[in-house]
Every structure is written in C-alpha cells, then in structure tokens.
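# pasting the sequence and the predicted model now:
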Amino acid sequence: MKTPDYLWQARHPLALLLSPLSLLFLLISRLRRAAYQLHLKKVYRAPAPVIVVGNISVGGTGKTPLVIWLCRHLTHIGYRPGVVLRGYGGTATRWPQQVLAGSDPDVVGDEAVVIASETACPVCVDPNRARAARELLEHHPCDVIISDDGLQHYALARDIEIAVIDGERRFGNGLLLPAGPLREPVSRLRTVDFVIMNQPCSPDYHCIALAPGHLTNLATGEVRRIEEMKGSRVHAVSGIGNPGRFYQLLIDAGMQVDENSYPDHHKFSAADIGFNDDLAVIMTAKDAVKCRPYATDKHWYLKLDVQPSADFISQFTATLELKTNYETE
C-alpha cells in the first residue's frame, strides 16, 4: 500500500515508527551502489555520452519536461540524442521496446510516448536501461543518450548526472523510504554534476521555470491560447506525481478549477474523464496520450514549457562538450 504523502512531509509518528525500515533501505541501497562501483556487478558503458536525469525522491519533480527540453536543446546545437527509460506502467511482455509517437502507452508507458511525440527523437524502453541503450544504438545513429529517471540505475554508466528537485515539497521529512519520500540521502546530491530545482527555487541550485503553453483539443487538434480560458470553470484531470502544481497553473491563468486527481500513471477509462456537463476538461500531455481514445471535443491538454536558467544551459553545454571531446580523443 502506498504511504500517504502527508506522512512524508513532516515527522509524523507513523513515519518515525517506520524509520528502522528506512535504515535497512539505506543499507541495501548503499551496498547495491557499492557493488557497481567495485565492479562486482556488471556496468555497461555506452560508446556515446550518457546523461542521466533523475531525482532522489519519489513523486513528480519535473524530470520528463526537462528531458524533452534537453532533447530539443541538444538537437538545436547539433547532437543526435536518443532517450531510454524504464517504461513504467507498460504491460509489454517483451523488452526492449522501440517507441514511436503512435505507440500504445498501455504497452510502453505514458512518459515514453509523450517524449517520442514531443521530440521526434528515438526512444527505447526497458526496465534494464543498459539493454535499452544497446538497443537504441543498434538501430539509431545517436551520439548522446538521455536516461529518464535513471539516477539509481547503476548498471548503465553515466557521464553527466542531473538531479531534479521539486521546489515546493523538496525533501519532505528528510527520511528514506518507507518513512519518508527519499530514495537516497540528501548527501547524494553532492556527487551529481547538476542539481536543478523547479519553482520556487533556492539560490543554492540551478533553477527551472515551468510555464503553461497552449491548449490542444484531443479530438479535433484545435489549438487555443490558455488566456482564452480565463474566467472559465473547468474540470482538471490529473494522473501525475504532483497534481497540485498543474492545478495551480490553471488557477494562475484565471480558471475556476474542479480538481480530479488519480494515482500517478493511472490507466484512465472513459468514466474517469466523462462529466455530465459541457465544461472543458483539461489534462497534461502525459495523461492525454492515455485518454485520447475516449476524448470528445471538450477534452484538452495543456502543453507545459520549461526554461532552465542561463547558467545551467551554459555550464551543461560546456560539460557535455568536454565529455564528447574526451570520448573522441
């Protein structure tokens, strides 16, 4: 059973009762990481730089929008990026799976389809990301690989690590699973190349701004500016890790929001997005790829745009160039 989020935001008595299990979790995770560092477990080093985008906590932190931005940025400056990810929620019985914009999210996972749709970059999913990287390179001339949510997947060697932090929830109560939301201690951030935080951002980290883009109708493809919905009452539907940020974007745009939250990676049905009125129904792109079969002309998805700070862009680009030059010498 999933631990309620409110238990992880403070030193709740139940969280403290679970703290011995957190110590066990810490021991196991450190032993596992050490096994890869000491080459007791096999590590695959791809013949191309690998950028890992991940976090040290569970729940949504904005990794996938950053991966999409990285794909576009790298393509713009002349690289040929490809993406590997776990394919969380996918029901495929055979791995790895190549992902296209039209792939079934129930088979390969919703995030993979969103990335393929938004970037036109090669995407491959497999719970074993090292195997996904091999498959990607076998079929595509990628010269850089981005691993979405692979910070703790040490079987794939990495050249650059980027940790993403949610600016609102941050590290919760500071405890590891199951007493808290952390997969690894906060001290892990000292070992990554970049720590980037979405708003509200701390001056100690690089910052990333998340802004609403345009609205696209799931049934007709019509595009609207979000300002056109100002003053409207809408149903907001969300099956993401941190729905509060999505709802707040709609509220900040002047909408009256009827919130409808489902678990992260929820498998939607027609009933989940059907309401007995004529109000617009708005969701994220991640949910839209699963809801499209049930959509009518009242269903819309909000495109989210991210913009990293200028210092992150320049430092990241310079770091990648150094890694690329080193690999080719």
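Structure received.
# now residue 324, nearest residue through space, not along the chain?
residue 49 (5.8 Å; Cβ to Cβ, 6 or more residues apart in numbering). Placement of C-beta: from N, CA and C, glycine included.
# kindly apply the preceding question to residue 317 instead.
Sequence neighbours aside, residue 77 is the residue nearest to residue 317 in space, at 6.7 Å (criterion: Cβ to Cβ, 6+ apart).
# flag every buried residue along the longest strand along the chain.
The residue-count maximum for a strand in the chain (DSSP state E) belongs to strand 206-217. With burial defined by 16 or more other Cβ atoms under 10 Å, the residues of strand 206-217 counted as buried are 206, 207, 208, 210, 212, 215, 216, 217.
# check stretch 63-82 too.
For stretch 63-82, burial by neighbour count (16+ other Cβ under 10 Å) applies to 63-71, 73-74, 79, 81-82.
# so which of the residues you listed sit within strands?
81, 82.
# how about the buried residues of stretch 63-82 in CSV, adding distance to residue 267 and pLDDT?
Shown next, in CSV, are the buried residues of stretch 63-82 (distance: Cβ to Cβ, whole Å; pLDDT from 0 to 100):
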residue, distance to residue 267, pLDDT
63, 21, 91
64, 18, 91
65, 22, 91
66, 25, 95
67, 22, 96
68, 23, 96
69, 27, 96
70, 28, 98
71, 26, 98
73, 32, 97
74, 32, 98
79, 35, 97
81, 29, 98
82, 27, 98
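# switch the buried residues of stretch 63-82 over to CSV; also include distance to residue 131.
Converted to CSV, the buried residues of stretch 63-82 look like this (distance: Cβ to Cβ, whole Å):
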residue, distance to residue 131
63, 21
64, 21
65, 26
66, 24
67, 19
68, 23
69, 26
70, 22
71, 21
73, 27
74, 23
79, 23
81, 19
82, 14
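# wait, which of the buried residues of stretch 63-82 is closest to residue 133?
residue 82 (8.4 Å; Cβ to Cβ).
# look up which residues are beta-bridged to that closest one.
residue 145 (DSSP bridges).
# distance check, it against residue 230.
Using Cβ to Cβ, to the nearest Å, we find residue 82 at a distance of 39 Å from residue 230.
# quick check on residue 148: phi, psi?
With angles defined as degrees, to the nearest 10, residue 148 sits at phi -80, psi 120.
# let me fix that, I meant to ask about residue 290.
Backbone torsions of residue 290, given as degrees, to the nearest 10, read phi -90, psi -20.
# next, count neighbours for it.
Neighbour count for residue 290, taken as other Cβ atoms under 10 Å: 23.
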